[in-house]
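Trainee: Pasting the sequence and the predicted model now:
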Amino acid sequence: MFQLEEKIWFWTLGVIPVIILLFLVLQFWRYRTQKKFADAALLKRLSPNRSVFKSVLKVIVLSLAFLCLTIALVNPKIGTKLETVKREGVDIVFAVDVSKSMLAEDIAPNRLEKSKQLVTQIINNLASDRVGIIAYAGKAFPQLPITTDYASAKMFLQSMNTDMLSSQGTAINEAIKLAKTYFDNEEQTNRVLIILSDGEDHSEQAAVVAEEASEEGIRIFTIGVGDVKGGPIPEKRNGVVLSYKKDSQGETVITKLNEETLKNIASEANGVYINGKNTNNVVENIREILNTMDKTEFEAKEFADFKDQFQWFLGFGIFFLLLDVLLLERKTGWLKKLNLFNENF
């Protein structure tokens with residue numbers, strides 16, 4: 001396990017392309033100036049020991065020096081001590097709709113990206129709860145099992161897209177069935193399933209399955225993502241809209257937020273429906289709900305001790321800087337004899 005302490009210093013990596021650009025400009029200026037002074041053959045005779053390879057090598061070494069110094073400023077840390085700690089919290093499974101209708105842009109930037117933002121903000125406001133993630137469309141797929149690793153949860157979340165499942169459509173009942181397998185303790189009273197969807201359910205069995213889940217102690221909260229007025233589903237290539245999805249009659253498909261379906265699901269499972277338009281409102285509602293729930297104690301392994309690793313990169317950075325200073329732009333004698341780079345002498 002590693003941490004990056006001061007990520008803000010990554011901006012200094014911008015120095016590297018500046019160095020390369022200045023080098024190219026200098027080489028172009030030098031070439032044009034020397035061309036006015038004499039032809040190529042005469043220049044080789046006047047400067048027989050000048051090496052283009054060594055000039056390029058100096059730039060590479062200098063860039064490596066800045067890369068190492070930047071990483072040293074960021075100060076990466078490696079976990080060295082793993083401890084088992086006891087925590088109290090709620091087990092929360094997020095079921096995210098990844099069907100094609102989630103590409104509709106009736107809520108910015110689109111329904112799927114908005115869902116990701118909502119889940120990310122909810123996770124950011126959790127303390128000691130465990131989280132899991134499910135992706136679903138026509139079928140449900142386990143994206144991440146129950147874990148306390150919020151960083152991994154957000155990483156898996158960002159990788160979700162509408163092409164990850166081949167079976168299209170929206171079967172919320174499949175997501176609820178899969179969520180049941182995420183909760184391993186039958187006596188648990190703090191099981192939460194949060195469904196993020198536009199409510200377009202093609203299975204029509206979600207309410208029945210939600211009631212069954214409620215009988216097993218799972219509370220389901222639904223978050224509606226989209227607009228009741230609806231919008232078309234764009235078909236893009238490289239970020240450019242080529243057309244909009246059409247039905248079998250050639251008419252543009254308008255997908256709408258179906259709040260009624262989501263409300264029914266939440267009602268059957270002792271939960272609440274929340275409109276996802278306002279992120280702060282969603283996060284606050286979820287926080288209040290979780291605060292009123294019983295907490296279950298569980299054990300989790302965590303890295304308790306981290307050691308700085310900046311000194312290694314600082315050392316390499318200084319080494320490359322010294323190497324750049326000592327590295328001359330003229331050809332080296334023994335390299336001239338080997339002629340590894342096919343330079344004409």
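Mentor: Yep, it's here.
Trainee: Next, count neighbours for Q168.
Mentor: Close neighbours of Q168, defined as other Cβ atoms under 10 Å, add up to 14. C-beta here means a position set from N, CA and C on the backbone, and glycine is covered the same way.
Trainee: same check, this time on S214
Mentor: 17.
Trainee: try the one 4 residues further on
Mentor: Here the neighbour count serves as a burial measure; for I218 (other Cβ under 10 Å) it reads 24.
Trainee: check contacts around it.
Mentor: Each residue near I218 by Cβ atoms under 8 Å, 6 or more residues apart in numbering is listed here: A179, K180, F183, R191, V192, L193, A269.
Trainee: which residues does the fourth one form a beta bridge with?
Mentor: Spelled out, that is R191. Beta-bridge pairing of R191 under DSSP bridges involves D91, I218.
Trainee: Correct me if wrong: it contacts R219.
Mentor: Yes: between R191 and R219 there is a contact at 6.7 Å, judged by Cβ atoms under 8 Å.
Trainee: Who has more neighbours out of the two?
Mentor: Neighbour totals were compared for R191 and R219, and R191 leads with 23 against 20 (other Cβ under 10 Å).
Trainee: Around L67, how many other residues sit close by?
Mentor: When counting by other Cβ under 10 Å, one arrives at 18 neighbours for L67.
Trainee: quick one: secondary structure of it?
Mentor: Put simply, L67 is helix when judged by DSSP: H, G, I helix; E, B strand; the rest coil.
Trainee: mind checking pLDDT for it?
Mentor: Looking at L67, its pLDDT is 93.
Trainee: Just the ones in strands from the contacts of I218, please.
Mentor: Members of those lying in strands (criterion: DSSP state E): R191, V192, L193.
Trainee: Could I get the CA-only coordinates of the helix or strand where L157 lies as PDB?
Mentor: Using DSSP states H and E, L157 sits in helix 150-158. Taking Å, rounded to 0.1, in the frame of the first residue of the first chain, the C-alpha atoms of helix 150-158 are listed here in PDB:
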ATOM      1  CA  TYR A 150     -12.700   3.700  -0.500                       C
ATOM      2  CA  ALA A 151      -9.900   4.500  -3.000                       C
ATOM      3  CA  SER A 152     -10.400   1.200  -4.800                       C
ATOM      4  CA  ALA A 153     -14.100   1.700  -4.800                       C
ATOM      5  CA  LYS A 154     -13.800   5.100  -6.500                       C
ATOM      6  CA  MET A 155     -11.300   3.600  -9.000                       C
ATOM      7  CA  PHE A 156     -13.600   0.800 -10.000                       C
ATOM      8  CA  LEU A 157     -16.500   3.200 -10.100                       C
ATOM      9  CA  GLN A 158     -14.700   5.500 -12.700                       C
END
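Trainee: Check which helices and strands that helix sits against.
Mentor: Helix 150-158 is packed against helix 111-124, strand 130-136, strand 140-147, with contacts defined by 3 or more Cβ pairs under 8 Å, 6 or more residues apart in numbering; DSSP states H and E.
Trainee: which one of the ones you listed is the most hemmed in?
Mentor: Sort these by mean neighbour count, taking mean count of other Cβ atoms under 10 Å, and strand 130-136 sits at the top with a mean of 25.
Trainee: by how many degrees do it and helix 150-158 diverge?
Mentor: If you take axes from the mean of the first three to the mean of the last three Cα atoms, to 10 degrees, strand 130-136 sits at 10 degrees to helix 150-158.
Trainee: now strand 130-136: mean pLDDT?
Mentor: Rounded mean pLDDT across strand 130-136 is 94.
Trainee: Could you do stretch 95-105 as well?
Mentor: 93.
Trainee: likewise stretch 147-166?
Mentor: 88.
Trainee: same question, stretch 309-319
Mentor: Mean predicted confidence for stretch 309-319 is 89.
Trainee: quick one: buried residues of it?
Mentor: Q309, F310, F313, L314, F316, G317 (16 or more other Cβ atoms under 10 Å).
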